[in-house]
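Asks: Sequence isn't available, so here's the structure alone:
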């Protein structure tokens with residue numbers, strides 16, 4: 001298929017679904033989003049956007065709007081420490097703003113609910129985009145040579161059937177679109193034995209000389225503490241816990257864990273936890289991101305643990321590339337074969353970069369002796385050797401752009417104006433760990 005698209009349906013109004021809708025509507029492609037929840041999510045959830053995600057958000061016009069929020073900021077230093085706070089090695093993101101080569105797309109922080117609000121407002125201004133909340137997509141796949149269909153049920157029980165040129169599942173880890181295509185239990189990969197607990201906690205880590213992002217290496221009490229408040233001492237503290245605990249048991253153990261983990265060994269009352277979210281973590285990837293006129297992106301397509309910052313960032317990069325492909329089809333610059341390329345490339349990026357790097361980042365925290373980490377861990381040694389070398393630090397950080405891909409290079413005609421390869425070097429593949 002080439003030529004104008006009549007309609008695209010997106011399932012899921014999270015950040016990936018909304019960003020895809022925005023990109024398509026900006027090119028006057030009619031798009032409808034069906035979202036099962038009755039309203040946009042107000043949960044803070046993920047907070048950090050890696051360099052490739054920031055690049056995608058910028059070119060969609062979203063980054064400029066995000067930065068209007070006083071709580072949006074770029075953090076400075078990420079580092080690895082022992083449990084007693086001893087600094088092992090780290091990386092300064094300000095190295096990217098080296099003289100003569102300023103780079104503004106540094107890791108950016110803003111809670112996901114605020115980003116969803118920004119995206120929702122931008123999508124609402126697009127005449128060609130419609131978001132329908134309270135519509136659950138039901139199981140089933142139906143398509144022919146020209147269209148695909150979804151069946152949705154509204155909150156009042158009304159069942160409707162809708163068609164589109166393409167249907168995109170951006171409906172998260174439990175994606176109904178993926179389960180309809182491959183079966184409820186078919187999501188290759190594994191679930192980690194380690195459970196993690198994400199918290200939003202008011203505590204002044206800077207008071208103890210800690211950086212904006214800190215990874216603590218310890219076999220029992222590994223955790224991450226990253227600043228998420230620009231104007232107040234609000235931090236994302238995410239720690240590993242014994243697998244199989246109930247939520248009540250996790251909460252009962254939390255005060256003791258915090259006393260052991262946090263600098264200053266605080267007692268309850270010295271900090272304030274406003275969110276505690278235990279969850280299991282996975283490394284999984286669908287066998288294909290395309291089945292005819294059905295497509296998958298972001299968490300519906302692949303999952304990874306949050307200690308590499310590659311979950312949210314990888315999902316945003318997915319939809320950026322998928323948008324380029326669908327826009328190319330719409331403008332007659334490529335055939336629908338580009339969607340096979342989308343599936344192949346995004347799976348390859350997951351298997352060669354996202355999965356191995358995020359897995360290594362997680363194991364680094366608990367699967368080694370912190371006393372020997374600088375001796376045994378090649379990544380930490382590399383960071384240590386690069387400290388003070390602005391050029392090497394910059395190259396290493398920009399290596400994260402390796403998860404991007406220029407799909408316009410495979411278009412049948414000429415590249416669109418301002419294509420990816422003209423704006424940024426995506427040849428490197430060394431990925432810098434950040435956090436979700």
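Replies: Great, that's in hand. Source: prediction; values computed, not measured. Numbering: from 1, shown residues only.
Asks: Residue 130 - that's part of a helix, no?
Replies: No: counting by DSSP: H, G, I helix; E, B strand; the rest coil, residue 130 is not found in a helix; it is strand.
Asks: Starting from residue 13, give me the distance back to the residue nearest to it when sequence neighbours are not counted.
Replies: Nearest residue to residue 130, sequence neighbours excluded (CB to CB, 6 or more residues apart in numbering): residue 32, at 4.8 Å. Using the backbone N, CA and C atoms, a C-beta is placed for each residue, glycine as well. Counting by CB to CB, to the nearest Å, the gap from residue 32 to residue 13 is 11 Å.
Asks: Of these two, give the one with the bigger neighbour count.
Replies: residue 13 (27 against 20; other CB atoms under 10 Å).
Asks: Using the three-state scheme, assign that one.
Replies: Assignment for residue 13 (three-state DSSP): coil.
Asks: residues contacting it?
Replies: 33, 35, 37, 40, 116, 120, 131, 133 (CB atoms under 8 Å, 6 or more residues apart in numbering).
Asks: What values do phi and psi take at the residue lying closest to the third one once chain neighbours are set aside?
Replies: It refers to residue 37. Residue nearest to residue 37 in three dimensions, not counting chain neighbours: residue 133, with 6.4 Å by CB to CB, 6+ apart. Per-residue torsions, residue 133: phi -90, psi 150 (degrees, to the nearest 10).
Asks: my guess is residue 133 meets residue 38, correct?
Replies: Yes: with contact defined as CB atoms under 8 Å, residue 133 reaches residue 38; the gap is 5.5 Å.
Asks: These two: which is more packed in?
Replies: residue 133 (15 against 9).
Asks: Quick one: list the elements packing against the helix or strand harbouring residue 393.
Replies: Element membership for residue 393, per DSSP states H and E: helix 390-398. On a contact count with 3 or more CB pairs under 8 Å, 6 or more residues apart in numbering; DSSP states H and E, helix 390-398 meets strand 87-92, helix 378-386.
Asks: Please point out which parts of the longest one sit buried.
Replies: Of the residues in helix 378-386, 379, 380, 383, 386 count as buried by neighbour count, 16 or more other CB atoms under 10 Å.
Asks: do the same with the shortest one
Replies: Residues of strand 87-92 classed as buried: 88, 89, 90, 91, 92 (neighbour count, 16+ other CB under 10 Å).
Asks: Could you do stretch 189-207 as well?
Replies: Buried, per 16+ other CB under 10 Å, within stretch 189-207: 192, 194, 195, 196, 197, 198, 199, 200, 201, 203, 205.
Asks: what residues are up against the second one?
Replies: Listed by CB under 8 Å, 6+ apart, the contact partners of residue 194 are 240, 241, 243, 281, 362, 366.
Asks: any idea how far residue 335 is from residue 164?
Replies: 18 Å.
Asks: do residue 244 as well
Replies: Applying CB to CB, the value for residue 244 to residue 335 is 50 Å.
Asks: again, but for residue 49
Replies: Distance from residue 49 to residue 335, by CB to CB: 32 Å.
Asks: Residue 253 now?
Replies: Taking CB to CB, one finds residue 253 at 56 Å from residue 335.
Asks: Report how many residues lie close to residue 231.
Replies: Residues near residue 231, counting by other CB under 10 Å: 8.
Asks: If we ignore the residues flanking it in sequence, what's nearest it?
Replies: residue 70 (6.0 Å).
Asks: That neighbour belongs to a strand, doesn't it?
Replies: No: assigned with three-state DSSP, residue 70 falls outside any strand and is coil.
Asks: quick one: it and residue 49, what's the gap?
Replies: In terms of CB to CB, residue 70 sits 17 Å off from residue 49.
Asks: And those two? Which one has more around it.
Replies: Taking neighbours as other CB under 10 Å, residue 70 and residue 49 compare with residue 49 leading, 31 against 8.
Asks: Dihedrals phi and psi, that one?
Replies: phi -120, psi 120.
Asks: if I look at it, how far off is residue 112?
Replies: In terms of CB to CB, residue 49 sits 9 Å off from residue 112.
Asks: Pull up the overlap in contacts between those two.
Replies: residue 312.
Asks: immediately after the helix or strand harbouring residue 190, which helix or strand?
Replies: In this structure, residue 190 sits in strand 189-191 according to DSSP H and E. Remark: after strand 189-191, the chain's next helix or strand is strand 195-202, criterion DSSP H and E.
Asks: Show me what that next one is packed up against.
Replies: Using 3+ CB pairs under 8 Å, 6+ apart: strand 195-202 touches strand 234-241, helix 247-261, strand 272-279.
Asks: what is the orientation angle of the second one with strand 234-241?
Replies: With axes from the mean of the first three to the mean of the last three CA atoms, to 10 degrees defining the directions, helix 247-261 sits at 110 degrees from strand 234-241.
Asks: So for helix 247-261, what gets flagged as buried?
Replies: 250, 254, 257, 258, 261.
Asks: Could you pull up the mean pLDDT of that helix?
Replies: In this model, helix 247-261 has a mean pLDDT of 97.
Asks: what pairs with the host helix or strand of the residue nearest to residue 130, and is each one parallel or antiparallel?
Replies: In this structure, residue 32 sits in strand 31-35 according to DSSP H and E. Sheet pairing of strand 31-35 (DSSP bridges) gives strand 8-11 (parallel), strand 129-133 (parallel).
Asks: Show me the one of those that comes nearest residue 221.
Replies: strand 8-11 (39.5 Å; CB to CB).
Asks: next SSE after that closest one?
Replies: helix 15-26.
Asks: Next, the angle strand 31-35 makes with that following helix.
Replies: Using the same axes, to 10 degrees, helix 15-26 lies at 160 degrees relative to strand 31-35.
Asks: elements contacting helix 15-26?
Replies: Using 3+ CB pairs under 8 Å, 6+ apart: helix 15-26 touches strand 8-11, strand 31-35, helix 112-124, strand 129-133, helix 310-330.
Asks: so of these, which one's packed in deepest?
Replies: Most buried of the helices and strands packed on helix 15-26, by mean neighbour count (mean count of other CB atoms under 10 Å): strand 8-11, with a mean of 28.
Asks: residues making contact with that one?
Replies: Counting by CB under 8 Å, 6+ apart, 17, 20-21, 24, 29-35, 137, 150, 162, 164-171, 175-177, 326 sit against strand 8-11.
Asks: what does stretch 56-76 give?
Replies: So stretch 56-76 is contacted by 19, 22-23, 26, 48-49, 54, 92-94, 105-111, 114-115, 118-119, 121-122, 211-213, 226-227, 229-231, 316-317, 319-320, 423 (CB under 8 Å, 6+ apart).
Asks: cutoff 7 Å now
Replies: 19, 22-23, 49, 54, 92-94, 105-110, 114-115, 118-119, 122, 212-213, 227, 229-231, 316-317, 320 (CB atoms under 7 Å, 6 or more residues apart in numbering).
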